[in-house]
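In: Sequence and predicted model, in that order:
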There are 2 protein chains.
Amino acid sequence: MTGAVPGDDVVVALDAMGGDHAPREPVAGAIAAARTGVRVLLVGDEALMGPELDRAGGPPPGLEVVHAPERIRSEEDGARAVRAKPDASLVMSCRLVAEGRAHAAMSSGHTGAMMAAATLHMRRVPGVLRPGLAVVLPSMAGPMVLLDAGANAECRPEHLAQFALMGRLLAEDVLGIPAPSVGVLSIGEEAGKGTELVQQAYALLEGTPGFVGNVEGRDIPMGTARVVVTDGFTGNVALKLYEGAGAMIFNKVRTTLTSSVRGRMGGLIARPALRSLKRFADPEEYGGAYLLGVRGLAVIGHGNFGERGIANALSLAARGVREGLIGQVEAGLRGAA
Amino acid sequence: MTGAVPGDDVVVALDAMGGDHAPREPVAGAIAAARTGVRVLLVGDEALMGPELDRAGGPPPGLEVVHAPERIRSEEDGARAVRAKPDASLVMSCRLVAEGRAHAAMSSGHTGAMMAAATLHMRRVPGVLRPGLAVVLPSMAGPMVLLDAGANAECRPEHLAQFALMGRLLAEDVLGIPAPSVGVLSIGEEAGKGTELVQQAYALLEGTPGFVGNVEGRDIPMGTARVVVTDGFTGNVALKLYEGAGAMIFNKVRTTLTSSVRGRMGGLIARPALRSLKRFADPEEYGGAYLLGVRGLAVIGHGNFGERGIANALSLAARGVREGLIGQVEAGLRGAA
């Protein structure tokens, strides 16, 4: 951690102006998280957040408002906006971590801006070549970690090797998966398959803890490896395809059931099944993506996250802090160097 | 087409020894396709195919047996096996096209071997830099074409530009999609997003028929573009992830419905919905992948294709021949040169 945070509690700075439903859903998610014991700094425009807080009967204990006069919008260039608007809510959230007033920052706003702001203000963990975006996804075996999900479109083999180390720590310490398996995403299981990048990453990873070799696209939903590393281009395509397929098939199921199961009773029968399925395929359930490799936890949610997604993201950020994820990454990189 | 085929009918050479259920399912699929008017050369071990044919009351009209004494197994190295076993059923199927005895070849056996055999015996269409594997997938908008789905792990921008041209012809002429939209798979919609490869392919494709720019992973299930081009690494990861997600979610739906919809009546209600959903997410419905860019149509099915998948693949191969797909690709490349 950078700096000292008073007290034992975990403090997460939330960019309340990021995402499609800001500030309403971030405020609601912050209140929900505060009630579970996470201390939240709600960073955003006081004039806009005030009415939302009033509606909830004022801020609950553990929630503190930090006024930010500016915001970064989704259509802006991320890196440029971070430099041009030092007092934007997203940038201030990261700076609060750098200043030691918060342990982690969370935004469901501009992904590129959040990566730029986190790297700029929190700085890299010594030895980290590239911070990576690690996303938690559902699989048949339970939650799994895919990284890099889009921070670095082009990668070198040693980046993938570091992603494996950081992803394994996230899976073990934050998700509670004992001795997680690690695979390199490729187009065949044998060591010689795939691009140059994959083959060299395979060679670097051989013999490291949990390494199971190459995995294929289908191994992500199957959960064959609980940590899958890839370059940010392939990872981002995979993430968005997986989410899109989930949404499409869910819609198809709903349409199919609605048309084949008629009337009131049909609805009663289908509803619990649909609810359980939606929960399973819902990104809000998993709390977003982690930018790993900076000295402080940065969590990035979907733009369409509602109260539940934001509360889950805040909880996961807090859990990462409590489990000392950043310290483990620092120690792991010292050990690997 | 290479050589002349007597008569007006379309002849497809089927590798009856390829896939997990050979020769039983290929024989059954060939019989089903022959009954719809496709002439099939059933290439494989007579001693093994005979009992399957006898069980169906002998070969129907339009089905002819061609004995092949050898077969290529899935664990062999594809290119090496093609050279070592010139009389393997898969290799003979491609050679029958080269000799003018068939218009198209189909196998649900070894993908790499089929690509090697097709390229070796059918030869490339003049001007084609790299044959590409085009797979037909379900989307919200109807069937869509993704290529390259794995023939070339590393690609150059001009390969992607040719894939776009060939994929568009497949979508239009074989799938019957009028003026299909074409996108480059990337990690952002703007022209500057993605890898060097994507940015240069975008520049080459700008202004070509149907080009809609970059698309993202979620656009595959959404069907935003009906033809999506990418390198064979990303395409193969995407294909297998999409299939895996479909299978996983289908299983999840079945489990959820079975546990929430109790008893006999519940089963009666859920069954039609499940059947319709399975059909939608089923690769057998779409008939496999096309190797585009060789002088003759080569269709590659899943290893686990059953009768229906193989019959659909044979029909689609025949349709490609009837619509003159290869001639269109040749003409298109002359026009583009």
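Out: Noted; the coordinates are in hand.
In: in chain A, which residue is closest to the centre?
Out: A:Ala289 (1.3 Å; Cα atoms, centre = their mean).
In: Chain A: helices as residue ranges?
Out: In order along the chain, chain A carries the following helices (DSSP state H): A:24-35, A:46-55, A:78-84, A:89-98, A:111-122, A:157-169, A:196-205, A:219-222, A:232-260, A:263-281, A:307-322, A:325-336.
In: what angle do the second one and helix A:89-98 make?
Out: For helix A:46-55 and helix A:89-98, the angle between their directions (axes from the mean of the first three to the mean of the last three Cα atoms, to 10 degrees) works out to 80 degrees.
In: Tell me what angle helix A:46-55 forms with helix A:24-35.
Out: Using the same axes, to 10 degrees: helix A:46-55 against helix A:24-35 is 60 degrees.
In: now for helix A:46-55, which elements pack on it?
Out: Using 3 or more Cβ pairs under 8 Å, 6 or more residues apart in numbering or on different chains; DSSP states H and E as the contact test, the elements touching helix A:46-55 are helix A:24-35, strand A:63-67. Using the backbone N, CA and C atoms, a C-beta is placed for each residue, glycine as well.
In: from the chain's centre, how far out does the longest one sit?
Out: The chain centre lies 17 Å from the centre of helix A:24-35; the measure is Cα atoms, centre = their mean, to the nearest Å.
In: for the shortest one, same thing?
Out: The chain centre lies 23 Å from the centre of strand A:63-67; the measure is Cα atoms, centre = their mean.
In: helices or strands next to it in the packing?
Out: Using 3+ Cβ pairs under 8 Å, 6+ apart as the contact test, the elements touching strand A:63-67 are helix A:24-35, strand A:39-44, helix A:46-55.
In: Neighbouring strands of the second one in the sheet, and parallel or not?
Out: If I follow you right, that is strand A:39-44. Based on DSSP bridges, the pairing partners of strand A:39-44 within the sheet are strand A:11-15 (parallel), strand A:63-67 (parallel).
In: What average pLDDT does it get?
Out: Within the predicted structure, the mean pLDDT of strand A:39-44 is 98.
In: and the angle for that strand with helix A:307-322?
Out: Taking the same axes, to 10 degrees, one finds strand A:39-44 and helix A:307-322 inclined to each other by 130 degrees.
In: Flag the shaky bits of the stretch 201-337 of chain A, pLDDT-wise.
Out: The model of the stretch 201-337 of chain A has pLDDT under 70 over residues A:260-270, A:273, A:280, A:336-337.
In: surely A:Glu64 meets A:Glu46?
Out: No. Under the criterion of Cβ atoms under 8 Å, A:Glu64 makes no contact with A:Glu46, lying 11.9 Å away.
In: Neighbour count for these two, which is higher?
Out: Comparing A:Glu64 with A:Glu46 by other Cβ atoms under 10 Å in any protein chain shown, the one with more neighbours is A:Glu64, at 16 against 13.
In: Please identify the deepest-packed of the helices of chain A.
Out: Between the helices of chain A, helix A:89-98 has the highest mean count of neighbours, a mean of 28, where neighbours are mean count of other Cβ atoms under 10 Å in any protein chain shown.
In: which residues are contacting that one?
Out: When contacts are taken as Cβ atoms under 8 Å, 6 or more residues apart in numbering or on different chains, the neighbours of helix A:89-98 outside the stretch itself are A:2-3, A:13-18, A:41, A:43-45, A:66, A:68, A:70-72, A:82, A:85-86, A:102-107, A:109-110, A:113-114, A:117-118, A:120-123, A:296-298.
In: just the buried members of the residues you listed?
Out: Listed as buried from the contacts of helix A:89-98 are A:2, A:13-18, A:41, A:43-45, A:66, A:68, A:70-72, A:82, A:85, A:102-107, A:109-110, A:113-114, A:117-118, A:120-122, A:296-298; burial here means 16 or more other Cβ atoms under 10 Å in any protein chain shown.
In: Show the contacting residues for A:Ala245.
Out: Applying Cβ under 8 Å, 6+ apart, one finds that A:Ala245 lies in contact with B:Ile220, B:Pro221, B:Leu241, B:Tyr242, B:Ala245, B:Gly246, B:Ile249.
In: Same check on A:Ala247?
Out: Neighbour list for A:Ala247: A:Ala281, B:Arg218, B:Pro221 [criterion: Cβ under 8 Å, 6+ apart].
In: One more pass at 7 Å, please.
Out: Going by Cβ atoms under 7 Å, 6 or more residues apart in numbering or on different chains, A:Ala247 touches no other residue.
In: what's the spacing between it and B:Asp173?
Out: With distances defined as Cβ to Cβ, to the nearest Å, the gap from A:Ala247 to B:Asp173 amounts to 31 Å.
In: Ok, A:Gly127 next?
Out: Applying Cβ to Cβ, the value for A:Gly127 to B:Asp173 is 55 Å.
In: quick one: which of the two has more around it?
Out: Set side by side, A:Gly127 and B:Asp173 show more neighbours around B:Asp173, with 18 against 14, by other Cβ under 10 Å.
In: do you know how far the closest residue to the more buried one other than its chain neighbours is from chain A?
Out: Using Cβ to Cβ, 6 or more residues apart in numbering or on different chains and skipping the chain neighbours, the partner closest in space to B:Asp173 is B:Glu323 (4.1 Å). B:Glu323 sits 29 Å away from chain A when distances are taken as Cβ to the nearest Cβ, to the nearest Å.
In: correct me, but B:Glu323 touches B:Gly176?
Out: No. Between B:Glu323 and B:Gly176 there is no contact under Cβ atoms under 7 Å: 9.0 Å.
In: Those two: who's more crowded?
Out: More neighbours sit around B:Glu323 than around the other of B:Glu323 and B:Gly176, counting by other Cβ under 10 Å; the figures are 17 against 12.
In: Would you report the backbone torsion angles of the more buried one?
Out: When read as degrees, to the nearest 10, the backbone of B:Glu323 gives phi -80, psi 0.
In: State the distance from it to B:Thr36.
Out: From B:Glu323 to B:Thr36 the distance is 16 Å (Cβ to Cβ).
In: per-residue confidence at A:Met1?
Out: On the pLDDT scale, A:Met1 gets 40.
In: ditto for A:Thr111
Out: Among the per-residue scores, A:Thr111 holds a pLDDT of 89.
In: What residues does the residue lying closest to it once chain neighbours are set aside make contact with?
Out: In space, not counting the residues next to it along the chain, A:Thr111 is nearest to A:Ile300; the distance is 5.5 Å by Cβ to Cβ, 6+ apart. Contact partners of A:Ile300, counting by Cβ under 7 Å, 6+ apart, are A:Ser107, A:Thr111, A:Met114, A:Gly288, A:Ala289, A:Leu291.
In: okay but the third one is in contact with A:Val299, surely?
Out: No. Counting by Cβ under 7 Å, A:Met114 sits too far from A:Val299 to count as a contact (8.8 Å).
In: Report the residue ranges of every domain in chain A.
Out: Using automatic domain parsing, the domains assigned to chain A come out as A:1-128+A:293-324, A:132-286.
In: Tabulate those (JSON lines), appending distance to B:Ala317.
Out: Shown next, in JSON lines, are the domains of chain A (distance: least, Cβ to Cβ, whole Å):
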{"stretch": "domain A:1-128+A:293-324", "distance to B:Ala317": "42"}
{"stretch": "domain A:132-286", "distance to B:Ala317": "24"}
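In: Which one, of those domains, ends up nearest to B:Leu137?
Out: Comparison of the domains of chain A against B:Leu137 by Cβ to Cβ identifies domain A:132-286 as nearest, at 10.1 Å.
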